[in-house]
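Engineer: would you be able to build a 3D model of this:
(one chain, ligands or ions: 1)
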Amino acid sequence: MSGDGKLVLLVEDNEKNMKLARDILRFKGYRVTEATTGEDAVASAATEPPDLVLMDIQLPGIDGIEAFRRIRSDPKTAKIPVVALTASVMAGDRERFDKAGFDGFIAKPIDVKQFPDQVASYLTKGRA
Ligand code: MN
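Structural biologist: From the prediction side, this is the model:
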């Protein structure tokens, strides 16, 4: 499976998590842009619209949910699939992300083996 040069915007404030996800995506042939805050994520999505956003929820400044809302409310970026990247996998949190309108979520720590398939499937599915 190959990323085929698809562009993924990776939003993550933890350096180690960022490096791991970035390395896997690049290895699989994706292009990766990075943002470490919600504000930067929103700006980056508008400047260089990615094929998929992987959005950490706990971020300095606005959180991933607010950044997601801003991406959705801008017609330029509204159609980009956004997947929550989160350590919170409790039922209540899943519900919260569903309600907010995320296209899905990937649990952290990411599973090195499953991560590429998860990303590929969200790219194929597009906006839910
Ligand atoms: Mn975080």
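Engineer: most centrally placed residue in this structure?
Structural biologist: With distances taken as Cα atoms, centre = their mean, the residue of the chain nearest its centroid is L54 (0.7 Å).
Engineer: quick check: it touching R22?
Structural biologist: No - counting by Cβ atoms under 8 Å, L54 sits too far from R22 to count as a contact (10.2 Å). Yep, even glycine has a C-beta here, placed from its N, CA and C like the rest.
Engineer: can you work out which residues contact both of the two?
Structural biologist: Residues touching both L54 and R22 (Cβ atoms under 8 Å, 6 or more residues apart in numbering) are L10.
Engineer: how about the worst-scoring helix or strand of the chain on mean pLDDT as CSV, C-alpha atoms only?
Structural biologist: Least confident element among the helices and strands of the chain, by mean pLDDT, DSSP states H and E: helix 91-100 (a mean of 84). The C-alpha coordinates for helix 91-100 follow below in CSV (Å, rounded to 0.1, in the frame of the first residue of the first chain):
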residue,chain,number,x,y,z
ALA,A,91,-17.1,5.6,25.0
GLY,A,92,-18.1,9.1,26.0
ASP,A,93,-15.2,10.6,24.1
ARG,A,94,-16.0,8.6,21.0
GLU,A,95,-19.5,10.0,21.2
ARG,A,96,-18.2,13.5,21.6
PHE,A,97,-16.0,13.2,18.5
ASP,A,98,-18.9,11.7,16.5
LYS,A,99,-21.2,14.4,17.6
ALA,A,100,-18.7,17.1,16.7
